[in-house]
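Undergrad: sequence below, structure please.
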Amino acid sequence: MAGPVFSAQVPQPRPATRLTIVLAFASVYIFWGSTYTAIRVAAACMPAILLSGIRFTIAGAILLGWCRWRGLRLLWPPKTMLVFCVVGLLLLGGGNVGLVYAEKTVPSGLASLVFAVIPLYVALIEMFLPHGEPLSRRGWLGLLLGLAGLAVLVRPSLESGLAGHRDVLLAFAAMFGGALSWTIGSLVARHVRFETGEKPNSLVAASWQTLLAGVLCTLLGTALGEWPNVHLNAPATVSLAYLVVGGSLLGYTGFIYLLEHLPAAKVLSYTYVNPVIAVLLGILLLHERPAPAEFGGMAAIVLAVFLLTTAKIQARAGSG
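TA: Just a heads-up that it's a prediction; the model follows:
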């Protein structure tokens, strides 16, 4: 049964001002950087699949309602809707569920740094794809530096896991699996070709991805019997609300706004700002105490992501 089909006309964005750009960057930096702290608090009281499912179902429904209010086309051919579902499950299902599961054991700052190397994974995989982008020397330097920083970060935890702390090993497996899922989802979203020749509005696509991933995660968590393990207290409830409003609504709409008004390369700066914010908030709010080696690993990863993203910027600018 078909629902209402809205106009495909996309309202033209208003010209950006310095204030709106600054506010949008602040939204992406602060809200996305702080989601790791909120996840750490909420994950203590909720199973990973249900936490992700509830968060994204609520956020996706609100975003889709916003798209309808703006008069954007919501319904697309079945193959396009399937792409929305697959990308949503890879990014938010696999990626976020892995992160939430890991943060039941791993400090939020450390988790943010492991996920910060996703641009490195993307660059490495893209080199082997047809018509992939080769790395410049600057890019290779960033890639090698990032892998070295990652090795410094995970070594103490892996030694602890090998000494008998099985939960630590499972947490790192979930993080690396989640990061890989996010990477694959990002590549699918980047390279997909729509059969209609008309590319869906990015906010509409994100709304469907969020809603579909949320509904499917909620159904899966229900099927696995996770509801009896939900024990919401005041801090967890506030954290869940913050993840919906701050992380999924304000943070993402700020991200879309920046993409509409600035080159994507500039927007990528969040990939090396967010981990710093996450680590600092983990120290200030959760009393996490990173080891000195972890600070070295953090510096290496942040610098590596900066080198890699700016190398890709230069490569594209030079080819144009």
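
Undergrad: mean confidence (pLDDT) on the longest helix along the chain, please.
TA: Once the chain is assigned using DSSP state H, the helix that runs over the most residues is helix 292-319. Helix 292-319 shows a mean pLDDT of 73.

Undergrad: with stretch 105-123 instead?
TA: 85.

Undergrad: check the offset of that stretch from the chain's centre.
TA: For stretch 105-123, the separation from the chain centroid amounts to 10 Å (computed by CA atoms, centre = their mean, to the nearest Å).

Undergrad: ends of that stretch, what's the gap?
TA: Using CA to CA, to the nearest Å, the span of stretch 105-123 from its first residue to its last is 29 Å.

Undergrad: quick one, what contacts residue 39?
TA: 51, 99, 100, 103, 108, 239, 243 (CB atoms under 8 Å, 6 or more residues apart in numbering). All C-beta spots, glycine's among them, are computed from the backbone N, C-alpha and C.

Undergrad: same check on residue 86?
TA: For residue 86, the contact set (CB under 8 Å, 6+ apart) comprises 185, 188.

Undergrad: now swap in residue 289 and tell me
TA: If a contact means CB under 8 Å, 6+ apart, then residue 289 has residue 283 as its contacts.

Undergrad: so which strand or helix has residue 257?
TA: Taking DSSP states H and E as the definition, residue 257 sits inside helix 251-261.

Undergrad: what's that helix in contact with?
TA: Contacting residues not belonging to helix 251-261 are listed as 13, 16, 20-21, 23-28, 31-32, 35, 59, 63, 202-203, 206, 210, 266-267, 270 [CB under 8 Å, 6+ apart].

Undergrad: can you tell me which of those are buried?
TA: Neighbour-count burial (16 or more other CB atoms under 10 Å) is assigned, among the contacts of helix 251-261, to 21, 24-25, 27-28, 31-32, 35, 59, 63, 203, 206, 210, 267, 270.

Undergrad: next SSE downstream of whichever helix or strand residue 266 is part of?
TA: Element membership for residue 266 (DSSP H and E) is helix 264-267. Beyond helix 264-267 on the C-terminal side, the first helix or strand identified by DSSP H and E is helix 270-285.

Undergrad: is it true that residue 154 touches residue 111?
TA: No. Using CB atoms under 8 Å as the test, residue 154 is too far from residue 111 to be in contact (11.3 Å).

Undergrad: between these two, which one's more packed in?
TA: Higher neighbour count among residue 154 and residue 111: residue 111, with 27 against 21, using other CB atoms under 10 Å.

Undergrad: from residue 103, how far off is the more buried one?
TA: 5 Å (CB to CB, to the nearest Å).

Undergrad: overlap of the contact sets of those two?
TA: Jointly contacting residue 111 and residue 103 under the rule CB under 8 Å, 6+ apart are 36, 40.

Undergrad: output the below-cut-off pLDDT ranges for the chain.
TA: Applying pLDDT under 70 to the chain picks out residues 1-15, 131-132, 157, 160-165, 194-198, 264-265, 312-320.

Undergrad: go again with 80.
TA: For the chain, applying pLDDT under 80 flags the ranges 1-16, 117, 122-124, 126-136, 154-166, 190-199, 260, 263-268, 291-294, 309-320.

Undergrad: before we move on, the earlier item: between the buried ones among the contacts of helix 251-261, which is closest to residue 146?
TA: Within the buried ones among the contacts of helix 251-261, the smallest distance to residue 146 is 16.3 Å, found for residue 270 (CB to CB).

Undergrad: and the closest one, what is it in contact with?
TA: Residues counted as contacts of residue 270 (CB under 8 Å, 6+ apart) are 25, 28, 29, 32, 33, 255.

Undergrad: give the buried residues for the helix or strand residue 39 falls within.
TA: Residue 39 is part of helix 33-43 when elements are defined by DSSP H and E. By 16+ other CB under 10 Å, the buried positions in helix 33-43 come out as 33, 34, 35, 36, 37, 38, 39, 40, 41, 42, 43.

Undergrad: the fourth one reaches residue 108, doesn't it?
TA: Yes. Shown here, residue 36 and residue 108 form a contact pair, counting by CB under 8 Å, at 4.1 Å.
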